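>>> next come a sequence and a model predicted from it.
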Amino acid sequence: MFQPDPQSTTTATDPGGFEPVEQIDGAWDSGILLITDHASNALPQHYGTLGLAPEELERHIGYDIGSARLTRALAARLEAPAIMSTFSRLLIDPNRGDDDPTLVMRLSDGAIIPGNAHHDADERAHRIATYYQPYHDAINAGISRSVDAGKVPMILSVHSFTPVWRGVARPWHAGILWDNDPRLAVPLIDGLRSDDDIMVGDNEPYRGYLKNDTLYFHGTIRGIAHALIEVRQDLIDHEAGIEAWADRIAPIMAMINRDPQTHAFHEFGSRTDLDPGTEDSRK
């Protein structure tokens, strides 16, 4: 049975008309819904640059470099709809639970965020209602629209990660993050690993099970097949790389999509029930 999104649906409108969600149309009965939590480094006009030098927003702290273009390329190949945030993760991070103390970051990879340093409970609530919640409501609506069209969608969340973290080079070309539901994640890992030229992480470079993140709400507790793909940023910060990775991922997704088990509601539970203190995809 289809379950409603457990999150609040109280929303507000940005005073300058900033739209917090971009939707890419596709076939709602395609069986696939793409989402991108950190697609953009844009900020509503009245927030300026949050007090940062503009070049700081071009770094990974502002958004997941290449993730939006990769999502667009996958949506086109799979004829699938996509839902992307349009605001920087530094404004508010949609891949955190709304009770997470780092929902609005004061410090990110060595950068102090002046515009976030003294935000209070009212400002936090405003950002949740105006930017964070509309994004999650759009995902919920997309799932409902797919179900109404006759097919429970698999959810693939598209992210990217830095080649180096804290001075250590990362060897993976991509990683698949997941919790207990293997229906999308395992065959996606297997499919990518069939290419001997790339190294694919299984819950690397982060662990994919974190209570209250995007896929926990929209996938895990709702029994919808889901996975998060991380692609290394130096591989998708240019057009040729985007095309190559879209060509690599799309046929595997199409193959998995033919399995009827990926379009059934099935609750697998969560590893967070036993191991809540783990890292996820949010660096």
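Looks like it arrived, so ask away.
>>> wait, what's in contact with the nearest residue to Gln45 once chain neighbours are set aside?
Nearest non-adjacent residue to Gln45, counting by Cβ to Cβ, 6 or more residues apart in numbering: Gly16, 4.8 Å away. Every C-beta, even on glycine, is put in place using the N, C-alpha and C of the backbone. Applying Cβ atoms under 8 Å, 6 or more residues apart in numbering, we find Gly16 in contact with Pro44, Gln45, His46.
>>> could I get the residues you listed as a markdown table with distance to Ala117 and secondary structure?
Conversion of the contacts of Gly16 to a markdown table gives the following (distance: Cβ to Cβ, whole Å; DSSP: H, G, I helix; E, B strand; the rest coil):
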| residue | distance to Ala117 | secondary structure |
| --- | --- | --- |
| Pro44 | 18 | coil |
| Gln45 | 20 | helix |
| His46 | 17 | helix |
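>>> for ChimeraX, what selects the buried ones among those residues?
What follows is the ChimeraX syntax selecting those of the contacts of Gly16 that are buried according to 16 or more other Cβ atoms under 10 Å:
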select :44
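>>> among the contacts of Gly16, find me the one that's closest to His226.
His226 has its nearest neighbour among those in Pro44, at 29.3 Å by Cβ to Cβ.
>>> so how far is Glu55 from the closest one?
In this view, Pro44 and Glu55 are 20 Å apart by Cβ to Cβ, to the nearest Å.
>>> looks to me like the residue nearest to Gln45 is in a helix.
No - following the definition DSSP: H, G, I helix; E, B strand; the rest coil, Gly16 is coil and is not counted among the residues of a helix.
>>> can you pull the pLDDT of it?
As predicted, Gly16 sits at a pLDDT of 87.
>>> now it: how far from Asp120?
Counting by Cβ to Cβ, the gap between Gly16 and Asp120 amounts to 21 Å.
>>> next: Asp247.
Distance from Asp247 to Asp120, by Cβ to Cβ: 47 Å.
>>> which one of those two is surrounded by more residues?
Higher neighbour count among Asp247 and Asp120: Asp247, with 12 against 8, using other Cβ atoms under 10 Å.
>>> what's the closest non-adjacent residue to the more buried one?
Closest residue to Asp247 apart from its sequence neighbours, by Cβ to Cβ, 6+ apart: Arg77 at 7.7 Å.
>>> equivalent analysis for Pro163, please.
Of all residues beyond its chain neighbours, the one nearest Pro163 is Asp234 (4.8 Å), with distances taken as Cβ to Cβ, 6+ apart.
>>> does the one you found sit in a helix, a strand or a coil?
Once three-state DSSP is applied, Asp234 turns out helix.
>>> can you verify my assumption that the residue nearest to Asp247 contacts Glu243?
No - Arg77 lies out of contact with Glu243 (Cβ atoms under 8 Å); the separation is 9.9 Å.
>>> in this protein, which spans are strands?
Under the criterion DSSP state E, the chain carries strands at the ranges 21-24, 32-36, 82-85, 107-108, 111-112, 154-161, 164-165, 168-169, 174-177, 200-202, 226-232.
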